[in-house]
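Undergrad: Return a 3D structure for these sequence lines:
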Amino acid sequence: MRAKLTAISVALALWLGMGWINATRAAATESPSAGPTLEQRVADLEAYVNNGARVSAVSKVAGPGPGHNAWMMTSAALVLFMTLPGLALFYGGLVRRKNVLSILGQCLGLAGGVSALWWVCGYSLTFAPGSPVLGSLRYAFLNGVSARPNTDYAQWVSQNVFAIYQMMFAIITPALIIGAVAERIRFSAIMFFSIAWMMLVYFPLAHMIWGVDGLMNGMGNPHARIKAIDFAGGMVVHMSSGWSALVLCLILGKRLGFGREIMAPHNMVLCMVGTGMLWVGWYGFNAGSAVAADVVSANAFVNTTLAAVMGLMAWGQLERILKGRPSVLGMCSGAVAGLATVTPASGFVTANSAVLIGLVAGTASYAACSKLKAKFGYDDSLDTFGVHAVGGTIGTFLTGLLATTEANPNLATNLGDVVGQSLWRHELLAMAITLVLSVGATAAIAFALKPWLELRPSREIEDQGLDINDHGEEGYILE
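TA: Got it, this is the predicted structure:
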């Protein structure tokens, strides 16, 4: 009897145990909260490595990808390095000694003022969904901008990192303008002008070209009316600032003694050091615009290098042929021209196309700075128009001709019907809008500010120098 009871107990225990095991298996297979399968988890890792979209709804890699995030934080620092101290030293070395602190102060002031504006509303008006022309205030004061990725722009990069990276672009763009009006615009005037310019030019233009629902965002908006592309800012940064700089320098007029006095750079060493810093920072500017550490970023890195080298060599060789010897200033200008011109194309073209772009950049910018400026007599103090407007305009058009899916497979997503065919027409339309907006808004802002704000200092102050009058300091103490 006892043996029978023991056998029955063992059988019952085995039956209950098997039932529990089967129920657990069923729950693991059927329950939606069980988490991703091994296959989904592996696919997520592959997506991270290849910078693709996540596979599983509930991912074990739920936040940003550490490698991509690290590259974007590095890129943000590199782009800030372009302005502080790169552009500040490049421009500062090119002006006369009495105005060197004026240039440094304007770059520093814009870094602060534009950053504050970006926090308040700039990021939101540029990258929040809104209208085809301007974003909304969804992200005002960076509300809701956390370390989680915003998949409208990047699958594996924190949105707050992306926001700060884009802030560095916003800082350097108006800083480029000061090169055309150097030595003859007051500190307060450039600050007020730049804030208004950001609101009327930069934020709408950047949204139209880069915003998720932008009018001209051919890469990211399948419903874009104009299917234009601009990898890192040919239109958003260089065309907008370069053409605005020309208008502002014409409105302000020429420097005192222009054409009669020697206005040579006071320190070419600073200029050369600043050029090197700009070049290094430009890797974050161009390669960072892939918003990932991926193959597109690698291509942009290579193209940035080749275009800068070819721009430098083209300008230097032209000077050697036409003037007998290459100047350090010419080689510096050629390198910057190559960098500016390849910017819109850097992530869309092959290495050989980048070489061609660099050669065209050095040649065209040399002609603009040495021939065009002399012919028309405008006082573009540090050749912002000749390098950035000319380079950005030519580079954007060449992007439409040379962009290829071989360099960037993402072009096939929304632009497969225009790449290699009619893309250049879309680029021309976008360039026309950029030109009209930049020129029109700059003229409107300058003439609106004139009645109540002294844009240009008095003749006595300009002759004495802006350093001591705007800042009460001097760049050099001579004993």
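
Undergrad: all helices in the stretch 151-300 of the chain, in order from the N-terminus.
TA: For the stretch 151-300 of the chain, applying DSSP state H, counting those that start in this stretch gives helices covering 159-177, 187-197, 203-210, 240-252, 268-286, 295-323.

Undergrad: Enumerate every residue touching T126.
TA: Neighbouring residues of T126 by C-beta atoms under 8 Å, 6 or more residues apart in numbering: G135, Q166, A170, Y202, F203, A206, H207, W210, G211. Any C-beta I mention is one placed from the backbone N, CA and C, and that applies to glycine too.

Undergrad: repeat that for 10 Å
TA: T126 is in contact with 118, 134-135, 139, 163, 166-167, 169-170, 198, 202-211, 214, 236, counting by C-beta atoms under 10 Å, 6 or more residues apart in numbering.

Undergrad: try L478
TA: Residues in contact with L478, defined by C-beta under 10 Å, 6+ apart, are R97.

Undergrad: Secondary structure class of it, three-state.
TA: Classification of L478 using DSSP: H, G, I helix; E, B strand; the rest coil returns coil.

Undergrad: Relative to H238, how far out is A224?
TA: Using C-beta to C-beta, to the nearest Å, A224 is found at 21 Å from H238.

Undergrad: Report how many residues lie close to L415.
TA: For L415, the count of nearby residues is 24 (other C-beta atoms under 10 Å).

Undergrad: do the same with the one 10 residues further on
TA: One way to gauge burial is a neighbour count; for R425, by other C-beta under 10 Å, it gives 14.

Undergrad: likewise S124?
TA: Other residues close to S124 by other C-beta under 10 Å number 26.

Undergrad: May I have the predicted confidence score for it?
TA: We note a pLDDT of 98 for S124 in this prediction.

Undergrad: any idea how far P129 lies from G472?
TA: Note on P129: its distance to G472, by C-beta to C-beta, is 46 Å.

Undergrad: Surely N352 is in a strand?
TA: No: read with three-state DSSP, N352 is helix and lies in no strand.

Undergrad: Was I right to think it contacts L359?
TA: No: between N352 and L359 there is no contact under C-beta atoms under 10 Å: 11.1 Å.

Undergrad: of the two, who's got more company?
TA: Taking neighbours as other C-beta under 10 Å, N352 and L359 compare with L359 leading, 18 against 11.

Undergrad: OK, contacts around that one?
TA: Going by C-beta under 10 Å, 6+ apart, L359 touches A307, M310, G311, M313, A314, Q317, G338, T341.

Undergrad: go with 7 Å
TA: M310, A314 (C-beta atoms under 7 Å, 6 or more residues apart in numbering).

Undergrad: Check N50 and give its pLDDT.
TA: What the model reports for N50 is a pLDDT of 79.

Undergrad: actually S59, not the one I wrote
TA: You'll see S59 listed with a pLDDT of 68.

Undergrad: and what of S56?
TA: Looking at S56, its pLDDT stands at 70.

Undergrad: ok, it - how many residues close by?
TA: Using other C-beta under 10 Å, S56 is surrounded by 17 other residues.

Undergrad: so it touches Q40, yeah?
TA: Yes: judged on C-beta atoms under 7 Å, S56 makes contact with Q40 at a distance of 3.9 Å.

Undergrad: What ranges in this structure fall below the confidence cut-off?
TA: 1-34, 57, 59-62, 479 (pLDDT under 70).

Undergrad: So I177 sits against V247, correct?
TA: No: I177 is not in contact with V247 according to C-beta under 7 Å; the separation is 9.7 Å.

Undergrad: of those two, who's got more company?
TA: Using other C-beta under 10 Å, the more surrounded residue of I177 and V247 is I177, with 30 against 20.

Undergrad: any idea how far V309 is from that one?
TA: 27 Å.

Undergrad: and what of G179?
TA: Going from G179 to V309 by C-beta to C-beta gives 23 Å.

Undergrad: quick one: which of those two has more around it?
TA: G179 (26 against 18).

Undergrad: got the contact list for that one?
TA: Applying C-beta under 7 Å, 6+ apart to G179 gives the contacts Y91, A245, S381, L382, T384.

Undergrad: For burial, what's the neighbour tally of L108?
TA: Other residues close to L108 by other C-beta under 10 Å number 16.

Undergrad: more crowded one of P129 and G472?
TA: Per other C-beta under 10 Å, whichever of P129 and G472 has more neighbours is P129, with 14 against 8.

Undergrad: So that one: helix, strand or coil?
TA: On the three-state scheme (three-state DSSP), P129 is labelled coil.

Undergrad: before we move on, the earlier item: can you tell me which of the contacts of G179 is closest to L428?
TA: Closest to L428 out of the contacts of G179 is A245 (21.8 Å), distances taken as C-beta to C-beta.

Undergrad: The closest one reaches I177, doesn't it?
TA: Yes: if you go by C-beta under 7 Å, A245 and I177 touch, sitting 4.6 Å apart.

Undergrad: Mutual contacts of those two, please.
TA: Shared contacts of A245 and I177, defined by C-beta under 7 Å, 6+ apart, are found at T384.

Undergrad: how close does A340 sit to T396?
TA: Distance, A340 to T396, using C-beta to C-beta: 11 Å.

Undergrad: I meant S370, not that one.
TA: Distance of S370 to T396, computed by C-beta to C-beta: 23 Å.

Undergrad: more neighbours, these two?
TA: More crowded of S370 and T396, by other C-beta under 10 Å: T396, with 27 against 19.

Undergrad: which residue sits closest to the more buried one, ignoring its sequence neighbours?
TA: Spatial nearest neighbour of T396, excluding adjacent residues (C-beta to C-beta, 6 or more residues apart in numbering): G234 at 4.1 Å.

Undergrad: what about V212, neighbour count?
TA: V212 has 17 neighbouring residues, counting by other C-beta under 10 Å.
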